[in-house]
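Novice: sequence unavailable; structure follows:
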Ligand code: G3P
Ligand code: CA
């Protein structure tokens, strides 16, 4: 693990974590509708080191937690605002649905979350609100005090170029929220992640918070790519098959090469559902966590932080 080798690690309040960080992906989204306070709270209670809000903007410029700006699939927006349905081009793709940038925060407050995946429990559909980023920070800080250990946040900017293009940029408000809560510092338990590199490069000039470059292709993380990423980011967030290819016996050398470039390696996303768990783990999701731990990754995104914490405590 590279985490403890960072030059500034002494000030990092998570430096007592002697295993890969467990990152509650959209909270404990295997158990509750994703990106709700109830999902984040459960992740913290289960032992997650970080909770992960994906961030998009409302019409009035408030950052809220949703995986994408189209919210028809994860809320009851279609029932409450049927006339708000529209079609847009988002990052080059035609998308039809209901979009956060067409709703004020007051309107978003009237919505209730729904489970995205048909094969997961829908017992909590219609119960939980959509949280703002500020509310997620407050929750993490309160849980940190209550549990006597850091509970960090791992915000991801979603569609950052698109949002800047429509006059609702994410990054300045993200940093303003971190500032307001005292977490825009190098030793705060915060990672900012993005699939885009332009906004991370710009953020590097504006904050010392740790930055993670997400990627899902091997080309992005070849040696030249890693060298370039190391000039502005602290680590990579890699789709897990870039480390353990599906159906292959051997792992790749990505962890070794990224560490050699001075980069942390976090992988996404470990899920226990039979619909997601690779066959090689024979129905034992704990085995997947152990596999990535043994390969030396520094952090693991998971929808099931309970299973991750339990597996890595062994
Ligand atoms: O942010 C890491 C991982 O969550 C990226 O995938 O699509 O779930 O945001 P996504
Ligand atoms: Ca994410």
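Specialist: Received the coordinates, thanks. These numbers were taken from a predicted model, which means no experiment stands behind them. Ligands and ions are numbered 1, 2, ... in the order given.

Novice: stretch 158-167 and ligand 2, any residue contact?
Specialist: No: Stretch 158-167 lies out of reach of ligand 2 by CB under 5 Å from the ion, never closer than 7.6 Å. Any C-beta I mention is one placed from the backbone N, CA and C, and that applies to glycine too.

Novice: mind checking the longest helix of this structure?
Specialist: helix 133-147 (DSSP state H).

Novice: what's it packed up against?
Specialist: helix 37-46, strand 50-52, strand 63-65, strand 152-153, helix 171-180 (3 or more CB pairs under 8 Å, 6 or more residues apart in numbering; DSSP states H and E).

Novice: shouldn't residue 103 be in contact with residue 59?
Specialist: Yes: contact criterion CB atoms under 8 Å: residue 103 and residue 59 qualify, at 5.8 Å.

Novice: tell me which of these two has more neighbours.
Specialist: residue 103 (25 against 17; other CB atoms under 10 Å).

Novice: just the pLDDT at that one, thanks.
Specialist: As predicted, residue 103 sits at a pLDDT of 99.

Novice: residue 314 too?
Specialist: Reading off the model, residue 314 has pLDDT 79.

Novice: what degree of burial does it show, as a neighbour count?
Specialist: 9.

Novice: contact partners for the closest residue in space to it that isn't next to it in sequence?
Specialist: Closest residue to residue 314 apart from its sequence neighbours, by CB to CB, 6 or more residues apart in numbering: residue 290 at 7.5 Å. If you count contacts by CB atoms under 8 Å, 6 or more residues apart in numbering, residue 290 has them with 311-312, 314.

Novice: interface residues of the chain facing ligand 2?
Specialist: By the rule CB under 5 Å from the ion, the part of the chain lying against ligand 2 is 54, 156.

Novice: 8 Å instead?
Specialist: Contact residues, the chain versus ligand 2 (CB under 8 Å from the ion): 25-26, 52, 54, 67, 156, 158, 193, 214, 268, 301.

Novice: ok, so of those residues, who is nearest ligand 1?
Specialist: Distances from ligand 1 to those, taken as CB to the nearest ligand atom, are shortest for residue 268 (3.9 Å).

Novice: so that closest one: helix, strand or coil?
Specialist: Here residue 268 is strand, with the state taken from DSSP: H, G, I helix; E, B strand; the rest coil.

Novice: try residue 211
Specialist: Per three-state DSSP, residue 211 ends up strand.

Novice: the spatially closest residue to it that is not a sequence neighbour: which element?
Specialist: Using CB to CB, 6+ apart and skipping the chain neighbours, the partner closest in space to residue 211 is residue 233 (4.4 Å). Counting by DSSP states H and E, no helix or strand carries residue 233.

Novice: in the chain, which residue is most central in space?
Specialist: residue 52 (3.9 Å; CA atoms, centre = their mean).

Novice: wait, a strand at residue 201?
Specialist: No: counting by three-state DSSP, residue 201 falls outside a strand, being helix.

Novice: contact partners for it?
Specialist: Taking CB under 8 Å, 6+ apart, we find residue 201 in contact with residue 232.

Novice: please report how far it lies from ligand 2.
Specialist: Distance from residue 201 to ligand 2, counting by CB to the ion, to the nearest Å: 19 Å.

Novice: ok, residue 36 next?
Specialist: Applying CB to the ion to residue 36 and ligand 2 gives a distance of 15 Å.
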